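In: Predicted model, plus sequence, below.
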Amino acid sequence: MSRSKTLQYYLAARLLLAPLMLWTIVTLVFFLLKATPGDPADAFLGNRASEDVKAELRKQLGLDRPIYVQYFSYLFNLLQGDFGKSITSSGKEVLDVIRENFPATLELAIGSMLVAFIVGVTVGTISASRPGTISEVGGRLFGIISYSLPIFWVGMLLQLLFAVQLNIFPLGGRFPANLTPPIKITGLYTIDSLLHFDLASFFVSLHHLALPCLTLGVLLSGIFERIVRVNLKQSMKAEYVEAARARGIPEQRILIAHALKNAMIPVITVLGLTTASLLGGAVLTEVTFSWPGLASQLYEAISNRDYPTVQGIMVFFAAIVVIASIAIDLINAWIDPRIKY
Amino acid sequence: MCGFCLVGLIFVTSCSQRNNPNVASTNEGRITIGTTQKPRTLDPADAYELRSIALIRNLSDRLYTYDPGSTVLKPQLATALPTVSSDGLTYTIPIRQGVVFHDGTPFDAAAMAFSLQRFIQNKGKPSSLLSDRIATVAATAAYELTIKLKKPFTALPSVLAFPGTCAVSPKAYKIGKNLFEANTFVGTGPYQLQEYGTDRVKLTAFDRYWGAKPLNRGVNIQIFNNNSANLYNSFRTGAVDVAFQALEPDQVKSLEAGAKAGKWQSIAIDGSVTSYLILNVLQQPLDNPLVRQALAALVDRPTINERVLYGQGNPLYSILPSTFSVSQPGFKTAYGDGNIAKARQLLTQAGFSPQNPAKIQIWYPSGSTNRRLTAGFLRAYAKQKLGGILEIEPNTIESASFFKYASKNIYPATLQDWYPDFLDPDNFVQPFLECPKGSVAKGCEDGSSQSQGSFYYSDRMNQLIAAQGKEADPTKRKQIYADIQTLIQQDVPLIPLWQTKDFVFAKKGMSGIAIDPLQNLLYSSMKK
């Protein structure tokens, strides 16, 4: 069977399995949420209403129905694309909640991954190209330290330094409250401002994006640094590299044009998976920088026992991860002819 | 190379934003307020938490309202206090003329009736405030509203000052279960909603407002969702003009020090939010009144206020905050503060000793720094002062779970805050002490005191609560509240701890910073 045929069968199999994976996640989240003590009535009304009033609210929200009725009702609606209505946001459609908040998460994820990739690959390459030197030691230390530092702590320190003391970056948020963000096309302020040819808004958005992206990106770059360093060192020992050296190709060119390409294959995998997990929301980053993304919305929904919103966001995240992992497999197969599924 | 380009772009960007004249011009005449309170909804029929109410308060008008610093009701969309029928069931309210909604719809009694009917029938979170009390509401003339009650309730005008009972445009809203508009607001208030984003809100002065025009062109609200550190630092760096809710006590302390040093202004106002230690009268050893009285004697409010709140509250000696003239500091008279001798004597009388200590768990919802510190303080204080005769064990649980179990006879004692819905002593008494179904032996089986976790039952208390609800004579009402407070002091189903102060921080040069008695910052009087 040809390689492209096997790839097609693989893709078909993965796509067929995707609904099963999503159903598993939906079911797990549904029952785990129901198992958590407290419900929306407790979360919203607290000590301000009697049990009768809370019971009335539960009836309104359909929470007095048997759990299996609630479950199948939810599944039935989900199959029709109805994610339900948010309890937190007074009946707003869950899809609208996702639509409003996801662009912020996407923008942060793209920016952070760009920083992580650039910094990680650069440091990893330098480190691998100078084995046994202080550069390699520095690169190793960078990889370990950056990955182990807690984001909220680093974020707060950088805020204190760059926002409070030096006044270079804003403390948080996507856009200043006293200005109007660009009119929504994608929801990503940087992209929307460019699409509107509004350079002022572009720079303002970038200014606000800079500190959270740099913080998260630098801390994530440790992953890429380690993978690039290890794989690049491995690649530099390969026979084709020896052959290239024998042909008199400069070391720098061998490193960048030959060895690095092969070392990047696992990096693509990690890049994809990390991006997918970031799209699931870097909640600590979003809270630290008051970034109004989907993760902080999810956190609030869990606290409020907003079942439809939690379930809807989790399904959305799961779908992203499923799509991302399929895409990574396909990209890997495309760039590495040795891969067979 | 790409990395350097990226870093360079970022720094060029940052330098270019530091002195942007466009920012100054669009901001002129507008106030930027920083807060951690993200509104959940803008629909007044569903908004029940401070973070949403605060915004609605400034966008809307209601029949009655309070001036800052006063608990005296004044008419707003009404032109006078209501005329009440002799049986106390019918309230006739004259309605203001010459008012329009933000969408241009004229306001009249029919619109007000629509708004109140919607508040009741849409079955939102606060609907029981009116639905429990009101039988019908109708426009009996173009500018006359008539409300018929299910039973007499003299505090109705105070309830009609709850921001959620505001007027909303019949063109923009619908009546029907769960038909809410979370992202929009069309009312009659001094501001119109210009923008409502995920981390920001913009209000603009309504040019056709019937009353006193705002002293500013508009308000930009920057929301630092659940991050008081960002709010604190944003204010210190001048990114916001005003900081209000919710700062941690140590942040307030730091900003107050800055105000004393002349860097900015600090405005502190006595609030109406109260904190109590609720005691479950069904659980041992708190089923013994002597033990409850001993706890009341033990509590040292001034020290709690100093150590936990950094002096940012006021010791509270009654279930009623000092905002009300009927409030009597009975717990101070009866028990004092940190009255160790009395506490020890009462516990010994109850049969406890260092060899057989009274053990009490105190529960509180997680995420509350003040309550965590208070519980820890009580444990340490009891251990240090009582020689082992009383052991207090703090416990915490996540908020929704906490409230789920509060009415299930799980917790021996709980630390709870109370945010009043309306400014009447009824709203401090009835939600904690009323119990229509129960007995002294079995405690409260169904009622407010069961919901709050004290399970307190007293026929006398039920009678007093019913009486204060329908008594219109202020002198008689005052006596009823005196009796209620005396009964609480004797039976101790709860121990009052503190009453909050509200703090607003504003840049120098700003004026007109005011908070209403329901803890809402008023935007229209602010000027810079």
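Out: Arrived safely. Numbers count the residues shown, from 1 in each chain, chains lettered A, B, ... in the order given.

In: Okay, and the beta partners of residue B:265?
Out: Under DSSP bridges, the beta-bridge partners of residue B:265 are residue B:506.

In: ok, it touching residue B:512?
Out: No - checked against Cβ atoms under 8 Å, the pair residue B:265 and residue B:512 is beyond contact range at 11.3 Å. Just so you know, the C-beta spots here come from the backbone N, C-alpha and C atoms, and that holds for glycine as well.

In: Name the next helix or strand downstream of the helix or strand of chain B at the bottom of the mean pLDDT ranking, please.
Out: Between all helices and strands in chain B, the lowest mean by mean pLDDT, DSSP states H and E belongs to helix B:21-27, at a mean of 50. Next helix or strand after helix B:21-27 toward the C-terminus (DSSP states H and E): strand B:30-35.

In: how distant is the next helix or strand after that following strand from the center of its chain?
Out: With elements assigned by DSSP H and E, the helix or strand that comes after strand B:30-35 is helix B:50-59. In this view, helix B:50-59 has its centroid 12 Å away from the chain centroid, taken as Cα atoms, centre = their mean, to the nearest Å.

In: if we look at helix B:50-59, which residues are touching it?
Out: Applying Cβ atoms under 8 Å, 6 or more residues apart in numbering or on different chains, the contact partners of helix B:50-59 are B:35, B:37-42, B:44, B:47, B:163-164, B:166, B:185, B:187, B:189-193, B:201, B:203, B:219, B:221, B:245, B:419, B:516, B:518-524.

In: touching chain B at all, whichever strand or helix holds residue A:286?
Out: If you go by DSSP H and E, residue A:286 is part of helix A:283-288. Yes - counting by Cβ under 8 Å from any Cβ of the partner chain, chain B has neighbours in helix A:283-288: A:287, A:288.

In: helices or strands next to that helix in the packing?
Out: Applying 3 or more Cβ pairs under 8 Å, 6 or more residues apart in numbering or on different chains; DSSP states H and E, one finds that helix A:283-288 contacts helix A:94-129, helix A:151-158, helix A:199-235, helix A:294-303.

In: mind redoing it with 7 Å?
Out: Under the contact criterion of 3 or more Cβ pairs under 7 Å, 6 or more residues apart in numbering or on different chains; DSSP states H and E, the helices and strands touching helix A:283-288 comprise helix A:151-158, helix A:199-235, helix A:294-303.

In: tell me the angle the second one makes with helix A:151-158.
Out: Going by axes from the mean of the first three to the mean of the last three Cα atoms, to 10 degrees, helix A:199-235 is angled at 120 degrees with respect to helix A:151-158.

In: Next, the angle helix A:94-129 makes with helix A:199-235.
Out: Using the same axes, to 10 degrees: helix A:199-235 against helix A:94-129 is 50 degrees.

In: Please identify the buried residues of helix A:199-235?
Out: Judged by neighbour count using 16 or more other Cβ atoms under 10 Å in any protein chain shown, the buried positions of helix A:199-235 are A:201-233, A:235.

In: for the first one, same thing?
Out: Across helix A:151-158, burial judged by 16+ other Cβ under 10 Å covers A:151, A:154, A:155, A:156, A:158.
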